[in-house]
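Asks: need coordinates for the following:
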Amino acid sequence: MSREDSALSRRHFLAATGAATAAVAWTAKSYARVIGANDRIRIGFIGVGGMGSAHLAAINELKDPDNVEAVAVADCWLTRAQKGAETVSAPHAVQDYRKLLDMRDIDYVTIATPEHWHSHMTIDAMDAGKAVYCEKPMTHSIPEAQEVIKKQKATGLALQVGVQAMSDDSYSSAAQAIEEGVIGQVVQAQIEYVRRYGKQGPWRRDDLADDTPKPPDLDWDAWLGSAAKIPWNPHHYFEWRNYAAYSGGICTDLFIHRITRIMKACKLTYPRRVVGMGGIWQWPDGRDLPDNFEMICEYPRGMTVYVLGTMSNRVGVDHLIRGYRGTLYFTPSGWVAKDKDGKVLATHTKTGGEEIVPHHSNLHRHLRSGEPLNCPAELGLAGVVAVNMANESWRASRMMGWDARNEKMVPADTLESSHFPDAPAAAATE
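Replies: Numbering: from 1, shown residues only. Coordinates of the predicted model:
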């Protein structure tokens, strides 16, 4: 990709992710489905398991302040759909999500299902004229994410991706500070998502027996969808994050939360090269995704991003961005930038947070007035690219590269990759 092409791609991405310009607000208004300020927004819910239940709770909290109403709940386990409908006083509970999409009075849907369903349901929802709040990752694969982007552009409907930390303004404000040169030329960032699980390991239920029967009103074939058709397996249903047919595991379920923060703060799009490392080191229990993982991404602007993800030890690393002039440290209250001697260069006290309620409210304001989405489809795609490249690197034992001309990941050694940034660096200053 030439420097001019890269700059054009970068400008398009920054506009799409709400880079604090008047043009951005107008762009948002042009593609949003604008609802009157006093009109009630009506919502349907697809998938109401763990994360889906959090969406129900959020909308209950927002019913009066945001003037929203739950219309229908869909889940392939009908009992779960019925309980979800009771939770939000929705008049309809259905097993087939397509019946929910047929309801004309629904303005947007939440999608909180296993990853392998995200793209299909999102596209179906937009074809039915619905805006979408889709849980992270936006899709299970890169080609799926690209198809979702095409559909979003074709319909002009809003798509909010469920990386809730994007409703914490620490990252947009950090982007502005970095753009203004507060820490100088950025060269590296690091972040983590660490946990320590008990003997059952990541995403296992210690009370789940191999012979747990299928609930009689659960449509197993519908749940499998595009995945391989297999007999009922309680571990695949209740512990799906451990299996590549339905999830990307640590990388797509956890790292997507973290690397998207750095992407927003450093205005990153697609990585140039990615390495994923780890293994099934502690819990060889039938899972086919790693239980400990790390990734390193190299970006064309001339920086790397390191993400640590052990599930065996919860001691983390500082979340920070390193520049030539100083370092920006993310803190529970916002961020602080310091020079090499510890002198404070700038600080920020955050508003918002990594919470589902403000993320929904941002979507509501977008639908009513065109407020830029905090995590739009383009940012969702950039995250899907990075984490899928890391997972493929791990599977193939090979560094992966981004073929910008053909917009796909390929083995990095098949590309002619530059060792220089796409744009000239600013002059180095102390």
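
Asks: tell me the contacts of Ala81?
Replies: Each residue near Ala81 by Cβ atoms under 8 Å, 6 or more residues apart in numbering is listed here: Val48, Val73, Ala74, Asp75, Ala93, Val94, Gln95. For every residue, glycine as well, the C-beta is placed using N, CA and C.

Asks: dump the residue contacts of the third one.
Replies: Under the criterion of Cβ under 8 Å, 6+ apart, the neighbours of Ala74 are Gly44, Phe45, Ile46, Gly47, Ala81, Ala93, Val94, Gln95, Asp96, Tyr97, Lys99, Leu100.

Asks: could you rerun that using 10 Å?
Replies: 44-48, 52, 80-81, 84-85, 92-101, 109, 111, 113, 121 (Cβ atoms under 10 Å, 6 or more residues apart in numbering).

Asks: quick check on these: which are buried?
Replies: Listed as buried from these are 44-48, 52, 80-81, 84-85, 92-95, 97, 100-101, 109, 111, 113, 121; burial here means 16 or more other Cβ atoms under 10 Å.

Asks: can you give me how far stretch 85-92 is from the chain middle?
Replies: The chain centroid and the centroid of stretch 85-92 are separated by 27 Å under Cα atoms, centre = their mean, to the nearest Å.

Asks: buried set for it?
Replies: Neighbour-count burial for stretch 85-92 flags Ala85, Thr87, Val88, Ala90, His92 (criterion: 16+ other Cβ under 10 Å).

Asks: do the same with stretch 278-292
Replies: Neighbour counts using 16+ other Cβ under 10 Å place Gly278, Ile280, Gln282, Trp283, Arg287, Leu289, Pro290, Asp291, Asn292 of stretch 278-292 among the buried residues.

Asks: would you mind giving these as a markdown table with secondary structure, distance to Glu392 and pLDDT added?
Replies: Supplementary listing: the buried residues of stretch 278-292 in a markdown table, determined by DSSP: H, G, I helix; E, B strand; the rest coil; distance: Cβ to Cβ, whole Å; pLDDT from 0 to 100:
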| residue | secondary structure | distance to Glu392 | pLDDT |
| --- | --- | --- | --- |
| Gly278 | strand | 13 | 97 |
| Ile280 | coil | 17 | 97 |
| Gln282 | coil | 23 | 95 |
| Trp283 | coil | 22 | 96 |
| Arg287 | coil | 18 | 97 |
| Leu289 | coil | 12 | 97 |
| Pro290 | coil | 13 | 97 |
| Asp291 | coil | 18 | 96 |
| Asn292 | strand | 18 | 96 |
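
Asks: so which helix or strand of this structure has the lowest pLDDT on average?
Replies: Lowest mean confidence among the helices and strands of the chain (mean pLDDT, DSSP states H and E): helix 22-31, at a mean of 38.

Asks: tell me where the stretch 101-250 of the chain has strands.
Replies: In order along the chain, the stretch 101-250 of the chain carries the following strands (DSSP state E, counting those that start in this stretch): 108-111, 131-135, 159-162, 186-192.

Asks: okay, those strands in JSON lines with distance to Asp318 and mean pLDDT next?
Replies: JSON lines is the format used below for the strands of the stretch 101-250 of the chain (distance: least, Cβ to Cβ, whole Å; pLDDT from 0 to 100):
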{"stretch": "strand 108-111", "distance to Asp318": "33", "mean pLDDT": "98"}
{"stretch": "strand 131-135", "distance to Asp318": "28", "mean pLDDT": "98"}
{"stretch": "strand 159-162", "distance to Asp318": "26", "mean pLDDT": "98"}
{"stretch": "strand 186-192", "distance to Asp318": "7", "mean pLDDT": "98"}
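
Asks: want to throw these into CSV with distance to Pro332?
Replies: Formatted as CSV, the entries for the strands of the stretch 101-250 of the chain read as follows, by distance: least, Cβ to Cβ, whole Å:
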stretch, distance to Pro332
strand 108-111, 28
strand 131-135, 24
strand 159-162, 22
strand 186-192, 14
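
Asks: what's the closest of those strands to Asp64?
Replies: For the strands of the stretch 101-250 of the chain, proximity to Asp64 was assessed by Cβ to Cβ; strand 108-111 is nearest, at 18.3 Å.

Asks: run me through the strand neighbours of the closest one, direction for each.
Replies: Strand 108-111 has its sheet partners listed here by DSSP bridges as strand 41-46 (parallel), strand 131-135 (parallel).

Asks: let's have the ones you listed in JSON lines, adding distance to Met263.
Replies: Formatted as JSON lines, those follow (distance: least, Cβ to Cβ, whole Å):
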{"stretch": "strand 41-46", "distance to Met263": "27"}
{"stretch": "strand 131-135", "distance to Met263": "17"}
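
Asks: for Asp403, which of these is the nearest?
Replies: strand 131-135 (26.0 Å).
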